[in-house]
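Everything below, folded, please.
(one chain, ligands or ions: 1)
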Amino acid sequence: MTVVRVTASIPPTIAPTAASWDPDRGLEVLWNDGQAATYSPAWLRRYDYSLDAPDRRRSPVALWPAEAGEPPRFTHAEVVGSTEGQLAYLDAVREHGAAIVTDVPAEHHEVERFAQTIGHVREVAFERVHNVRHDPAGYNVAHTPGELKPHTDMPSYNWPPSVQLLHFLTNRATGGESTLVDGWAALAELRRDAPQHFDTLTRVPVPYQLFSDDEDTWAENPMVALDTDGEVRLFRFSNQLAQPLAAPFEQVEAFYDAYRHLGQIIDSGRYRATFTSRDGDLLTVHSHRVLHGRLTYDPTSGSRHLQDVYMEFDDLMARRRVLRGEHQPLAAQAQEDA
Ligand SMILES: [Fe+2]
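Numbers count the residues shown, from 1 in each chain. This next block holds a predicted model:
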C-alpha cells in the first residue's frame, strides 16, 4: 500500500538509518520514521541536485547572432497535420524565440483557430482577436502607415502575454517589412559591456499604460526580470507605452543612461531580422524575449491587414511535452515487472 504523507507530518529530525544500492532497483533507503523507500536510477537522474543539473534541465536558448537571419519557416499543413511538424515548430519557438508558419488560410479569425490547435488564446483588454490595418482616424500607432519601432506588447500588464501570433491575411502594400529583434541577445550585450546598466534595468520600476475609452491597463515593473539563476526571464520594451518614471530621484539619471544604452543596441540593427511577410504568413513570437515591429509602408499601394492573438509560452511548452510523451510522471520506484 502506498502511504501518502503530508509535508507537515514529516518530523524535522527525519534522516536515513540505512541505505543500499542495487544497480537494477536503485537506492533503497530506510528512514528513521520507519518508512522504507526505493528510488530508481532514472528517477534519481531526473531529480539530480548536483550543480550542473539545472543547466541540463534549462530550455536551450540560441541567442541570435548580430547578423540575424529570418526565423525558421514551416508550412501550415505540417504544423497542424503532423506530430513531427508541430514538434519542430514548437522547438523553434522554444530555442529561437520566433517562427514563421506559411500558407495559413487567409480567413478571418484563422489565427484564433491556429492558436487553439497548439494551446489557448490569452485574452486581454481591447479585443480577443486584434485587427491591424490602416485607419486614418485610429489612435494606435500600429494603425498608421508609420514605422513601428521594435517593441513588446502589453507591458501595461504585470504578466504581459508571453506569445504573440501575427497572421497576415493580406500584405500587398509597398514597404512595411517585418522586423524582429532578439531582446535577450541585446540584453546579453548590455550585460557584457555595461553590467551596471543591466543591473539598473532589473531594479528601477517603469510604469506602462495602454488605455481606451473603455479600458485602462497600467503596471509598473523593471524592464528586465530575472529567474532564480540570474538569467533573463521577461523583457518589457515599449517606448510608446512608457510613462514618466515614479522612481526615487537618485535613480532617474542612472535609469536613463541605461535605457539610452539599451536603446542604442536595439536601434543598431544587431540581432535584428528584417523580412517581407506575405499573404498567409503567420509569425509566432516569444514576446517576453523577441521584439516585433515594422518599417513604414505606403497605404495607397495595396491592402495590408493583420489579425493577431496572444497566447502563453507555458501552454506551448505543455503541448510540446504532451507530443513528446513527457507528461507521464516518472515513478520513483522501479516497476517490479519491468
Ligand atoms: Fe505590437
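
Helix or strand: which one has the nearest residue to Trp21 once chain neighbours are set aside?
Closest residue to Trp21 apart from its sequence neighbours, by Cβ to Cβ, 6 or more residues apart in numbering: Leu27 at 5.8 Å. C-beta coordinates here come from the backbone N, C-alpha and C atoms, glycine included. For Leu27, the host element (DSSP states H and E) is strand 26-31.

quick one: pLDDT of Gln251?
For Gln251, the pLDDT comes out at 94.

just Val3 next, same as before
Reported pLDDT for Val3: 61.

repeat for Ser303
Looking at Ser303, the pLDDT reads 90.

just checking, it touches Gly176?
No - under the criterion of Cβ atoms under 8 Å, Ser303 makes no contact with Gly176, lying 11.1 Å away.

what sits opposite the residue nearest to Trp21 in the beta ladder?
Trp21, Tyr39 (DSSP bridges).

State the distance from Asp153 to Thr144.
17 Å (Cβ to Cβ, to the nearest Å).

and what of Leu30?
72 Å.

Likewise for Glu70?
25 Å.

if you count what's nearby, which of these two comes out ahead?
Thr144 (16 against 13; other Cβ atoms under 10 Å).

could you pull out the helices for the protein?
41-46, 53-57, 76-81, 83-96, 110-118, 183-193, 195-203, 249-267, 313-323 (DSSP state H).

out of the ones you listed, nearest to Trp64?
helix 183-193 (4.9 Å; Cβ to Cβ).

Buried residues of the closest one, list them for me.
Within helix 183-193, the residues scored as buried using 16 or more other Cβ atoms under 10 Å are Gly183, Trp184, Ala185, Ala186, Leu187, Ala188, Glu189, Leu190, Arg191.

what does stretch 214-222 give?
Thr217, Ala219, Glu220, Asn221, Pro222.

Check stretch 274-281 too.
Going by 16+ other Cβ under 10 Å, stretch 274-281 has these buried residues: Ser277, Gly280, Asp281.

what residues does it touch?
Outside stretch 274-281, the residues within contact range by Cβ atoms under 8 Å, 6 or more residues apart in numbering are 70, 76, 100-106, 166-172, 177-179, 283, 295.

one more time with 7 Å, if that's ok
70, 100, 102-104, 106, 168, 170-171, 177-179, 283 (Cβ atoms under 7 Å, 6 or more residues apart in numbering).

pLDDT averaged over that stretch - what is it?
Stretch 274-281 comes out at a mean pLDDT of 96.

Straight-line length of it, end to end?
14 Å (Cα to Cα, to the nearest Å).

For Phe255, list the residues it contacts.
Thr200, Val204, Leu245, Ala247.

Mean neighbour count, the helices of the chain: which tops it?
helix 183-193 (a mean of 20; mean count of other Cβ atoms under 10 Å).

per-residue pLDDT, the closest residue to Ala225 other than its chain neighbours?
Among residues not flanking Ala225 along the chain, Leu234 sits closest, at 4.0 Å (Cβ to Cβ, 6+ apart). Leu234 carries a pLDDT value of 98.

With Ala77 instead?
With respect to pLDDT, Ala77 scores 98.

Can you tell me, leaving aside adjacent residues, what's nearest to it?
Asp103 is the one closest to Ala77 (Cβ to Cβ, 6+ apart), at 6.9 Å.

Would you point out which residue is most central in the protein?
His286 (3.6 Å; Cα atoms, centre = their mean).

Quick check, that residue in contact with Gly97.
Yes - between His286 and Gly97 there is a contact under Cβ atoms under 7 Å: 4.2 Å.

Just give me how far stretch 287-301 sits from the chain centre.
Mean-position distance between stretch 287-301 and its chain equals 19 Å (Cα atoms, centre = their mean, to the nearest Å).

Which positions in it come out as buried?
Ser287, His288, Arg289, Val290, Leu291, His292, Gly293, Arg294, Tyr297, Pro299.

Mind putting those residues into TSV with distance to Pro11?
Below are these laid out as TSV (distance: Cβ to Cβ, whole Å):
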residue	distance to Pro11
Ser287	47
His288	42
Arg289	44
Val290	49
Leu291	52
His292	54
Gly293	58
Arg294	62
Tyr297	69
Pro299	72
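
Could you list the low-confidence segments of this structure?
1-4, 53-54, 56-57, 138-139, 333-338 (pLDDT under 70).

Outline the domain layout of it.
7-57, 73-322 (automatic domain parsing).

Determine which of those approaches Ala331 most closely.
domain 7-57 (7.1 Å).

how about the strands in the stretch 101-250 of the chain?
For the stretch 101-250 of the chain, strands defined by DSSP state E, counting those that start in this stretch occupy the ranges 130-133, 148-151, 163-171, 174-175, 178-182, 206-211, 216-221, 224-226, 232-235.

partners of the fourth one in the sheet?
Under the criterion DSSP bridges, strand 174-175 sits next to strand 297-298 (antiparallel) in its sheet.

Not counting sequence-adjacent ones, nearest residue to Ile118?
Ile118 sits nearest to Arg319 (Cβ to Cβ, 6+ apart), 5.4 Å away.

Please report the distance of that neighbour from Val132.
Counting by Cβ to Cβ, the gap from Arg319 to Val132 is 26 Å.
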